[in-house]
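Student: Got a predicted model here, sequence first, then my questions.
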Amino acid sequence: MNFYYRSFLSATFEKLETAALFAVPFDLIGIMFSGIYLNLNSTNKYVAWIRYVSGFYYGTEAVSILQWDSITSIKCVKLPGVPCIKTGSEVLERFGFVDTHFYRNCVCLFIMYCVGHSIAFLMVVKRSRGTPVY
């Protein structure tokens, strides 16, 4: 999902180890706030904004919408303490996703892709200015 900044990292840093050190915390925080491991409805409002800078969030929400939006009926099992979710839209709502955000997610992923690759191109140009080409 975070393909948009991988080219930026490879163009910015000379060593692979440095790029990996930068990428690991960004990936972990992005995955944590994507909605896979954390219910977005239970997120504190002071850190909820983090999801909007991660491609994982937009990708996870888009895939979840594709998966659950067409489900109109779910058999409900009556267990104590377990909520009865009857439709795919209720599943999306339960996990903090909005079914009308599919195209927004696609546009945001495309923008992240374009910005990341544009910055990577500028970094390649900057790094290659003083380097002789044979």
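Tutor: All right, it came through fine.

Student: Tell me where the model's unsure across the chain.
Tutor: 1-4, 131-134 (pLDDT under 70).

Student: Just want the most central residue of the protein.
Tutor: Most central in the chain under C-alpha atoms, centre = their mean is Phe56, positioned 1.6 Å from the mean C-alpha point.

Student: and that one, backbone torsions?
Tutor: The phi and psi values for Phe56, taken as degrees, to the nearest 10, are phi -60, psi -40.

Student: and Tyr5, what does it touch?
Tutor: Tyr5 sits next to Ala23, Phe26, Gly55, Met112, Gly116 when contact means C-beta atoms under 8 Å, 6 or more residues apart in numbering. C-beta here means a position set from N, CA and C on the backbone, and glycine is covered the same way.

Student: hang on, the earlier thing: OK, contacts around the residue nearest to the residue nearest to the centre of the chain when sequence neighbours are not counted?
Tutor: With sequence-adjacent residues excluded and distances taken as C-beta to C-beta, 6 or more residues apart in numbering, Phe56 is closest to Ser34, at 3.7 Å. Each residue near Ser34 by C-beta under 8 Å, 6+ apart is listed here: Met1, Arg51, Ser54, Phe56, Tyr57, Gly59, Thr60.

Student: Next one: Ser34 relative to Trp68, how far apart?
Tutor: 16 Å (C-beta to C-beta, to the nearest Å).

Student: Same question for Leu28.
Tutor: 26 Å.

Student: higher neighbour count, those two?
Tutor: Between Leu28 and Trp68, Trp68 has the larger neighbour count (other C-beta atoms under 10 Å), namely 21 against 10.

Student: mind checking how far that one is from Gly55?
Tutor: Counting by C-beta to C-beta - Trp68 and Gly55 are separated by 20 Å.
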